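>>> Provided below are the primary sequence and the corresponding predicted coordinates.
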Amino acid sequence: MPSSDQRVEQAYELARDLYASLGVDAEQAMSRLRQIPISLHCWQGDDVVGFEQSGDELGGGLAVTGNYPGKASTPDELRMDLQQAYSLIPGNHRLNLHAIYGEFGDHVPDRNEIGPEHFTGWIDWAKEQQLGLDFNPTYFAHPLAADGMTLSHPDAKMRNFWIEHGQACRQIGATMGAALGTPAVTNSWIPDGMKDTPADRKAPRERLADSLDAVFAEPIDPAQNLDAVECKLFGIGSESYVVGSHEFYLGYAISRQKLLCLDAGHFHPTEVISDKISSVLTYVPELLLHVSRGVRWDSDHVVTYNQELYEIAAELVRGGYLERTHIGLDFFDASINRIAAWAIGTRNMIKALLAALLEPTAKLREFEEQGDFTARLALMEEIKTLPLGPVWDYYCLQAGVPVGMDWLDQVRQYERSTLINRSGTPAVL
Ligand SMILES: C[C@H](O)[C@H](O)[C@@H](O)C(=O)CO
Ligand SMILES: [Mn+2]
């Protein structure tokens, strides 16, 4: 009887030969994949609560549903949970932190007073774990964002408070980047918008452009920090008008040569970000992706292995855009084990990149150039059932992470040994 590792190897060899017959080198695909970091978002680990202990509502049109037990409530717990998640995911990746996740001690500073000193614990840990860090100002869950306006607020004092927050966050990003030798992508998303039809769409957008210019005024070495801006179509409470719309940020990013963040859940349901990548990268230097999954009104379901995920990955590979794209995740689900959510979403993202790297693109292009759209469609359909699974299993085996569903046993074990003991967790999980 072959061992399970031998079965994985045998299945891989058959798959490798099949891909080779289509002109695809599976070894090369895997070695490229090893170089692609995914930035895991810290906020899946605690339902976007953070460590300010303010008790302020999430707000900003964001909502987390579910009450799965065992959520992290201290930086140490969150780091422990992240380590557990990384141990289930092949490759070397990054962590994306929000400003509310600082280690603030007894006297929590206001958002405009935070500094790199509140993130030394994260930086030291990231160094130890060999992770790059990314960063985000938190323009929500705060009394000064309670009316749904921040950088575009009509009151200059309010705008200034948030401008100072944005400036502080860039310095934190730069400190992270300098300490870790890899630039932090510091991404700005603001909730500003209106529930009902505004009488003035223009003024808030003009104010937002001015505020962003003030946030980004200080030049920072791009080897330490890169600025990104993220649009949204609508949120809860901003159904009729969002100041930072797609057109607004596309124009802003192009005119200021900033990174544009495309969140897969932030567009009309019939729009897909896979079709935007090549347009946007014609004009902006680099792209940040928030890979997510929109379901009706919610933009943040756990990423599944669906056709759009494949198309996103395929566009990055086909266009040669991997070097200019930072891949981050953005979902939060409190109805399932939070570590499993990270594992499922991140493994799916990596699996989609592997599928894209295994695509016989040269053949597809050949058909397209010949005008043979029949053959192009036929091959695209054939690709859907090529043996990706055996290559994926082999990739996981080689990386020393669980193969197939085995990762779930480890999550269950961690649940029993650790999550169950957390305060607020019922005796039986
Ligand atoms: C918590 C994140 O900053 C947030 O999800 C943002 O990126 C977003 O997508 C808001 O809908
Ligand atoms: Mn997002």
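Structure's in. What do you need? Ligands and ions are numbered 1, 2, ... in the order given.
>>> and residue 228, that one's in a strand?
Yes. Using DSSP: H, G, I helix; E, B strand; the rest coil, the assignment for residue 228 is a strand.
>>> check contacts around it.
When the contact criterion is C-beta atoms under 8 Å, 6 or more residues apart in numbering, the partners of residue 228 are 185, 186, 187, 188, 258, 259, 260, 261, 288, 326. The C-beta positions use only the backbone N, C-alpha and C, and glycine is treated the same way.
>>> and of the residues you listed, the nearest to residue 332?
Proximity of the contacts of residue 228 to residue 332 (C-beta to C-beta) peaks at residue 187, which lies at 15.7 Å.
>>> contacts for the helix or strand harbouring that closest one, please.
In the assignment (DSSP states H and E), residue 187 maps to strand 184-188. Residues outside strand 184-188 that contact it (C-beta under 8 Å, 6+ apart): 39, 96, 132-137, 139, 166, 169-170, 172-174, 176-177, 212, 215, 224-230, 259, 261, 288, 326, 328.
>>> residue of the stretch 101-250 of the chain closest to ligand 1, please.
residue 189 (4.1 Å; C-beta to the nearest ligand atom).
>>> how about that residue: what's its closest non-neighbour residue?
residue 230 (4.1 Å; C-beta to C-beta, 6 or more residues apart in numbering).
>>> quick revisit: dump the contacts of residue 228 into CSV; add neighbour count and pLDDT as well.
CSV is the format used below for these (neighbours: other C-beta atoms under 10 Å; pLDDT from 0 to 100):
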residue, neighbour count, pLDDT
185, 25, 99
186, 29, 99
187, 27, 99
188, 26, 98
258, 21, 98
259, 22, 98
260, 24, 99
261, 24, 99
288, 26, 99
326, 22, 99
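>>> okay if I get those as CSV plus distance to residue 394?
Shown next, in CSV, are the contacts of residue 228 (distance: C-beta to C-beta, whole Å):
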residue, distance to residue 394
185, 31
186, 37
187, 34
188, 40
258, 39
259, 34
260, 35
261, 33
288, 30
326, 27
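>>> for whichever helix or strand comes after the strand holding residue 187, which strands pair with it and how are they oriented?
Downstream of strand 184-188, the first helix or strand assigned by DSSP H and E is strand 193-194. Using DSSP bridges, the strands paired with strand 193-194 are strand 241-242 (antiparallel).
>>> give me the contact list for the strand it pairs with.
Here strand 241-242 has contacts from 192, 193, 194, 197, 198, 201, 231, 232, 233, 234, 235, using C-beta under 8 Å, 6+ apart.
>>> state the pair within those residues that is farthest apart.
Using C-beta to C-beta, the pair of those lying farthest apart is 197 and 231, separated by 19.5 Å.
>>> so which of those two has more stuff around it?
Neighbours were counted for residue 197 and for residue 231 using other C-beta atoms under 10 Å; residue 231 has more, 22 against 9.
>>> ok, the nearest residue to residue 171 once chain neighbours are set aside - contacts?
Distances taken as C-beta to C-beta, 6+ apart put residue 116 closest to residue 171, at 6.4 Å, once the chain neighbours are dropped. When contacts are counted by C-beta under 8 Å, 6+ apart, residue 116 touches 123, 171, 172, 175, 176.
>>> what about the third one, which helix or strand?
Looking back up the chat, that one is residue 172. Using DSSP H and E, residue 172 falls within helix 156-180.
>>> and if you look at the first one?
Residue 123 belongs to helix 120-129 when assigned by DSSP H and E.
>>> and that helix, what does it pack against?
Under the contact definition 3 or more C-beta pairs under 8 Å, 6 or more residues apart in numbering; DSSP states H and E, helix 120-129 sits against helix 75-86, strand 94-98, strand 132-136, helix 156-180.
>>> residue 12 is in contact with residue 390, correct?
Yes. Between residue 390 and residue 12 there is a contact at 5.0 Å, judged by C-beta atoms under 8 Å.
>>> for the closest residue to ligand 2 within the stretch 1-150 of the chain, name its beta-bridge partners.
Going by C-beta to the ion, ligand 2 is nearest to residue 41 of the stretch 1-150 of the chain, at 8.4 Å. When assigned by DSSP bridges, residue 41 has beta-bridge partners residue 96.
>>> how about it, what does it touch?
Applying C-beta under 8 Å, 6+ apart to residue 41 gives the contacts 96, 328, 329, 330, 331, 332.
>>> ok, how many other residues are close to the fourth one?
A count of nearby residues for residue 330, using other C-beta under 10 Å, gives 27.
>>> what's the nearest residue to it if we skip its chain neighbours?
In space, and not counting its chain neighbours, residue 330 is closest to residue 290: 3.7 Å by C-beta to C-beta, 6+ apart.
>>> ok, then the element right after the helix or strand the one you found falls within?
Per DSSP H and E: residue 290 is located in strand 287-291. As assigned by DSSP H and E, the chain's next helix or strand after strand 287-291 is strand 293-295.
>>> for that following strand, name the packing helices and strands.
Going by 3+ C-beta pairs under 8 Å, 6+ apart, strand 293-295 lies up against strand 298-301.
>>> who touches the helix or strand just after the strand it packs on?
Counting by DSSP H and E, the next helix or strand C-terminal to strand 298-301 is helix 307-318. Residues outside helix 307-318 that contact it (C-beta under 8 Å, 6+ apart): 264, 272-275, 277-278, 289, 291, 303, 321-322, 325, 327, 348-349, 352-353, 355-357, 359, 361.
>>> surely residue 89 and residue 348 touch.
No. Under the criterion of C-beta under 8 Å, residue 89 makes no contact with residue 348, lying 10.5 Å away.
>>> any part of the worst-scoring helix or strand of the chain on mean pLDDT near ligand 2?
The helix or strand of the chain with the lowest confidence, counting by mean pLDDT, DSSP states H and E, is strand 298-301 at a mean of 94. No. On the criterion C-beta under 5 Å from the ion, strand 298-301 is out of touch with ligand 2, staying 7.3 Å away.
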